[in-house]
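In: Provided below for reference: sequence and predicted model.
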Amino acid sequence: MSQDLRSFIEKVRQESPEEVLTISKEVDPRFEITALVVKLEQERRFPIMVFENVKGTKFPVVTNVHASRRRLASAIGSDPRGAVANYLRRIERPIQPKEVDTGPVKEVILKGDQVDLRAIPQIVHHQDDAGPYLTAGITLAKDPLSGRLNCSFNRLMFIDKNHTSIHLTLAKHLWEFYTNAEKLKQPLKLAVILGAHPAWSLGALNIGSIDEEEFYLMGALAGEAMEVVPAETMDLKVPARAEMILEGEIPPFERVDEGPFGEFTGYSLGSRKRELFHVKAVTHRKDAFLHDITVGHIDHLLLSTIPMEANLFRSVRAMVPSVKAVRIPAPFTVYVSIEKKTEGQGKNAILAVLGSDMYMKHVIVVDHDIDIFNDQRVQWAVGTRCQADRDVTIISNVGGSDLDPSDLKDGVTAKMGIDATAKPRLDTFTPRHRVAKDVFERLELKDFVPASWLTQKDGKR
């Protein structure tokens, strides 16, 4: 049977029952779902959460699916450390979707006056949000000029029974498609996929040329062709095994007030004018659930890291072939590990990152002996291998994210690169002190400390 989100959740349940938490008690979609996710997060617990009884709706809610790097890696057949390399290998071999006559997402078909978005769980995530939002929708659209497909995540704020706002990120591919449609004085037709296998989500987040069609990468990452069916109201093929599809269009020249909304940065930005999405059809499974992403928390932050790290690794490798690893530890921030062979490669890596992802504004490059998954070691390298007047590069007034709360203009920012590599090279730099190798390898902790002490984590049993 083809993979989908519910089969992924069941696989996790079978292999690691403690990673799926089902809650039968009624919850209010206004704040309570997010509050419970955050309370568990504070206890360092990140299970997939299934809310069976959500006030005001018949649809259950599933959230926190992406809150584990191990789960995301397993969705593309990898271990956590090898996820970026495996991601890059798989997207090099796109798999054409497989068209089928029908599928579970066509079990219920609602059109025209039958559409009522208020039947969907009205989830309000944070106290300053303007209203309920859909956060896990993957938009699928076709460029009216070239016919190319694009997939992306775009937040939708509920307005009424058949309208939402839609946040189009400035200068991104879907925004380009929409501006092309506006020039033609036409609406941009699109479908919103709700309830996607994590491999599909990782494919939708691929960062590449506008010529790369993410829809064909979803199957590659899942390891099998995605089954698709014709949409009801437009010339698009949509995933047959999604939980729900919203079909509609973004009319030209119409804007509505949208926000504030608490974004991935951890801040709530104010209200702005955004595009309008007119929903003309909804199809879904008879027993569909709504997939939600807990914005600004681990569920949200981890999902985007693997595709972004893969893109950045690919970009740095073009200029510094000896790149070893890339990690995004925080919003707008990236660590890069290289085996520096000539002077200047640290700054070349910085330029490669800043030129390949408009969101990135802080880049720290370290030598290959630094574990970039250990923040303390990265900061140690900055403290001991960097001189600010020589190794810090600042670029002013460049395009960045319009969600950055620190910028002075909408999407215009400053960017900084820190070359924290040893100068001129690691093998000629002041040597690090080390324990004698033969002694270190000979001693075993189990011979000196109680076994019970070795099983403790983070100072707790």
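Out: Yep, that arrived.

In: Report the contact partners of residue 187.
Out: Residue 187 is in contact with 181, 249, 250, 251, 252, 278, counting by Cβ atoms under 8 Å, 6 or more residues apart in numbering. Where C-beta positions appear, they are placed from N, C-alpha and C, glycine not excepted.

In: So the last one belongs to a strand, correct?
Out: Yes - assessed by DSSP: H, G, I helix; E, B strand; the rest coil, residue 278 belongs to a strand.

In: Run a quick neighbour tally on it.
Out: By other Cβ atoms under 10 Å, 15 other residues sit near residue 278.

In: do you know how far it is from residue 163?
Out: From residue 278 across to residue 163, the span is 6 Å (Cβ to Cβ, to the nearest Å).

In: Of the contacts of residue 187 - the most surrounded one?
Out: Comparing these by number of neighbours (other Cβ under 10 Å), residue 250 comes first, having 24 neighbours.

In: Residue 213: what's its closest spatial neighbour, skipping adjacent residues?
Out: residue 149 (4.5 Å; Cβ to Cβ, 6 or more residues apart in numbering).

In: For that neighbour, give its distance to residue 393.
Out: Using Cβ to Cβ, we find residue 149 at a distance of 37 Å from residue 393.

In: now do residue 264
Out: Taking Cβ to Cβ as the measure, residue 264 falls 25 Å from residue 393.

In: Provide the secondary structure category for the residue nearest the centre of the chain.
Out: Most central in the chain under Cα atoms, centre = their mean is residue 304, positioned 2.2 Å from the mean C-alpha point. Assigned with three-state DSSP, residue 304 falls in the helix class.

In: what about it, distance to residue 391?
Out: Distance, residue 304 to residue 391, by Cβ to Cβ: 28 Å.

In: quick one, helices of this structure?
Out: For the chain, the helices defined by DSSP state H occupy 5-15, 32-42, 69-75, 83-91, 173-183, 198-204, 215-222, 298-319, 345-356, 375-385, 388-391, 437-442, 451-454.

In: Deepest-packed of those helices, please.
Out: helix 198-204 (a mean of 27; mean count of other Cβ atoms under 10 Å).

In: centre of the chain versus that one, how much separation?
Out: Centroid separation for helix 198-204 versus its chain: 9 Å, with Cα atoms, centre = their mean, to the nearest Å.

In: Looking at it now, give me its mean pLDDT.
Out: Across helix 198-204, pLDDT averages out at 94.

In: what helices or strands is that helix leaning on?
Out: For helix 198-204, the elements it packs on are helix 69-75, strand 138-142, strand 149-153, helix 215-222, helix 298-319, judged by 3 or more Cβ pairs under 8 Å, 6 or more residues apart in numbering; DSSP states H and E.

In: Can you dump the C-alpha atoms of that helix in CSV for me?
Out: Output of helix 198-204 as CSV, limited to C-alpha atoms (Å, rounded to 0.1, in the frame of the first residue of the first chain):
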residue,chain,number,x,y,z
PRO,A,198,6.7,13.9,6.1
ALA,A,199,8.6,12.9,3.0
TRP,A,200,6.2,15.0,0.9
SER,A,201,6.6,17.9,3.3
LEU,A,202,10.4,17.7,3.1
GLY,A,203,10.0,17.7,-0.7
ALA,A,204,7.8,20.7,-0.7
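
In: what sits up against it?
Out: Outside helix 198-204, the residues touching it (Cβ under 8 Å, 6+ apart) are 3, 5, 8, 65-66, 71-72, 75-76, 87, 91, 136, 138, 151-153, 193, 196, 214-215, 217-223, 226, 239, 303, 306-307.

In: What distance do you get for the closest residue to residue 125 other than its chain neighbours to residue 367?
Out: Using Cβ to Cβ, 6+ apart and skipping residues adjacent in sequence, the residue nearest residue 125 is residue 34, 4.6 Å away. As for residue 34, its distance to residue 367 is 40 Å (criterion: Cβ to Cβ).

In: now residue 378
Out: From residue 378 over to residue 367 (counting by Cβ to Cβ), the distance is 11 Å.

In: which strand residues sit across from residue 325 in the sheet?
Out: residue 337 (DSSP bridges).

In: low-scoring pLDDT stretches of this structure, where are they?
Out: Residue ranges of the chain with pLDDT under 70: 1, 455-461.

In: mind listing what the nearest residue to residue 88 once chain neighbours are set aside touches?
Out: Closest residue in space to residue 88, ignoring its immediate chain neighbours: residue 310 at 5.2 Å, by Cβ to Cβ, 6+ apart. Contacts of residue 310 were listed using Cβ under 8 Å, 6+ apart, and they are 84, 87, 88, 91, 206.

In: Nearest residue to the second one in space, ignoring adjacent ones along the chain?
Out: Meaning residue 87. Of all residues not flanking residue 87 in the chain, residue 310 sits nearest, at 4.4 Å (Cβ to Cβ, 6+ apart).

In: repeat for the fourth one
Out: With sequence-adjacent residues excluded and distances taken as Cβ to Cβ, 6+ apart, residue 91 is closest to residue 217, at 4.9 Å.

In: is it true that that neighbour touches residue 207?
Out: No - Residue 217 lies out of contact with residue 207 (Cβ atoms under 8 Å); the separation is 11.1 Å.

In: and residue 330, how many neighbours does it have?
Out: With other Cβ under 10 Å as criterion, residue 330 counts 12.

In: distance of it from residue 220?
Out: When Cβ to Cβ is the yardstick, residue 330 and residue 220 sit 29 Å from each other.

In: And the residue nearest to residue 125, how far from residue 269?
Out: Relative to residue 269, and taking Cβ to Cβ, residue 34 is found at 18 Å.

In: do residue 22 as well
Out: Residue 22 is 34 Å from residue 269, where distance means Cβ to Cβ.

In: Residue 264 and residue 393: who's more crowded?
Out: Neighbour count, other Cβ under 10 Å: between residue 264 and residue 393, residue 264 has more, with 18 against 15.

In: Spit out the contact partners of the more buried one.
Out: Contacts of residue 264 (Cβ under 8 Å, 6+ apart): 295, 296, 300, 301, 304, 331, 403.

In: With residue 352 instead?
Out: 312, 315, 316, 318, 319, 320.

In: quick check, nearest of the residues you listed to residue 452?
Out: Residue 452 has its nearest neighbour among these in residue 312, at 42.2 Å by Cβ to Cβ.
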